[in-house]
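> Pasting the sequence and the predicted coordinates here, then a few questions.
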Amino acid sequence: MKARITITLKPGVLDPQGKAIAGALHALGFDSVGDVRQGKYIEIEVAESDPSRARAEIERICEQLLANTIIENYAYELEAA
Amino acid sequence: MKASVIVFPGSNCDRDAAVALEAASGLAPSMVWHGDSELPASDLIVLPGGFSYGDYLRSGAMAAHSPVMREVVARARGGTPVLGICNGFQVLTEAGLLPGVLMRNATLKFICRDVLLRVERNDTGFTRRYAQGEVVRFALANKDGGYFAEEATLDRLEGEGRIAFRYCDETGEISAAANPNGSRRNIAGLYNENGTVLGLMPHPERLADPALGGTDGAKMFLSLVETLH
């Protein structure tokens, strides 16, 4: 199966890159732009056809390496590869 | 004092650390490649500065899971002193040996300049040659140096005397103006529970010889030699 994983900074954690992007968008005239938060997107294929086992595997992967859960949240969607 | 310096792909202060260690102890440290699962008997383990694994994913995240780190974590838990400088500090937090995380500098800039630090404790094996509250000059060189932990964790760390160094001004005053990178509570360096693991962002080894423009960093290595013989 394939997992589409997004990793985002937790609410309240300062995101200077997001702020810089917001500043650049304002400079370009996108006046409607408010808060901007930057994150990561990762696709992973796992050799696992059972969705519940695939979910457990992906969650272990996110907890152990992909996300630093002190400052980051992760979310994912699974689909048949 | 027999030290081991761990070398990751992308480490670039490993040799500087080795020079400072040898100058203080008279013994050349072992340089241990990250892929090795064997670590020589060591009185001290140093995780040097640099950009291990190109800072992919997060600074220190990949190095924290490299083969040699399993042994480093085991030794650290067994009481062997570990010094993590800059990227080494990032690796220590990612490996779970120190709490919190080093984030992108609040300025978004790579900061490369000397900074002033206040020695918060001089009763550890790393700092016995310093005076309590002494203001020292180390070299800061990083882009991900902003220390972050939750407020409750910061309160606990302060309560337990775990803060090793804070960014300060010439008089030792801790202020927002003296904070180069947005570190919570001006934290530049941190100890583990029993003061045997130290992670710090500024580099003592870069100001450990008069030829480098300063010697404040040398006292850390001399402290370690005095402690570990």
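Nice, I can see it.
> how many other residues sit next to residue 76?
Just going to use chain A. Counted with other Cβ atoms under 10 Å in any protein chain shown, the neighbours of residue A:76 add up to 20. (Each C-beta comes from the backbone N, C-alpha and C, glycine too.)
> wrong chain, I was asking about chain B
That count, for residue B:76 with other Cβ under 10 Å as the rule, works out to 21.
> separation between the nearest residue to it once chain neighbours are set aside and residue B:46?
Spatial nearest neighbour of residue B:76, chain neighbours left out: residue B:82 (4.7 Å); criterion: Cβ to Cβ, 6 or more residues apart in numbering or on different chains. From residue B:82 across to residue B:46, the span is 8 Å (Cβ to Cβ, to the nearest Å).
> How is the residue lying farthest from the centre of chain A assigned, secondary-structure-wise?
Distance from the C-alpha centroid of chain A, by Cα atoms, centre = their mean, peaks at residue A:29 (27.2 Å). At residue A:29 the chain is in coil, as set by DSSP: H, G, I helix; E, B strand; the rest coil.
> Quick check: phi and psi at it.
phi 100, psi 10 (degrees, to the nearest 10).
> Next, the contact list for residue A:4, please.
A:41, A:42, A:43, A:76, A:77, A:79 (Cβ atoms under 8 Å, 6 or more residues apart in numbering or on different chains).
> What subset of those residues is buried?
Among those, those classed as buried by neighbour count (16 or more other Cβ atoms under 10 Å in any protein chain shown) are A:42, A:76.
> With pLDDT and secondary structure as new columns, can the contacts of residue A:4 be given to me in JSON lines?
Output for these, formatted as JSON lines (pLDDT from 0 to 100; DSSP: H, G, I helix; E, B strand; the rest coil):
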{"residue": "A:41", "pLDDT": "98", "secondary structure": "strand"}
{"residue": "A:42", "pLDDT": "98", "secondary structure": "strand"}
{"residue": "A:43", "pLDDT": "97", "secondary structure": "strand"}
{"residue": "A:76", "pLDDT": "98", "secondary structure": "strand"}
{"residue": "A:77", "pLDDT": "97", "secondary structure": "strand"}
{"residue": "A:79", "pLDDT": "94", "secondary structure": "strand"}
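> Of the contacts of residue A:4, which is the nearest to chain B?
Nearest to chain B among these, counting by Cβ to the nearest Cβ, is residue A:42 at 8.8 Å.
> Can you check the pLDDT for residue A:13?
What the model reports for residue A:13 is a pLDDT of 89.
> Contact residues of chain B facing chain A?
Within chain B, the residues that sit near chain A (Cβ under 8 Å from any Cβ of the partner chain) are B:57-58, B:61, B:65, B:94, B:99-101, B:103-108, B:146, B:148-150, B:182.
> isn't there a helix covering residue B:158?
Yes - assigned with three-state DSSP, residue B:158 falls within a helix.
> dump the residue contacts of the residue lying closest to it once chain neighbours are set aside.
Residue nearest to residue B:158 in three dimensions, not counting chain neighbours: residue B:185, with 7.2 Å by Cβ to Cβ, 6+ apart. Taking Cβ under 8 Å, 6+ apart, we find residue B:185 in contact with B:154, B:158, B:163, B:166, B:174.
> So which elements touch the strand or helix carrying residue B:21?
Under the criterion of DSSP states H and E, residue B:21 resides in helix B:14-25. Where contact means 3 or more Cβ pairs under 8 Å, 6 or more residues apart in numbering or on different chains; DSSP states H and E, helix B:14-25 is packed against strand B:3-7, strand B:44-47, helix B:218-228.
> Determine how far the last one lies from the middle of the whole chain.
Right, the one you point to is helix B:218-228. Put simply, helix B:218-228 sits 14 Å off its chain's centre (Cα atoms, centre = their mean, to the nearest Å).
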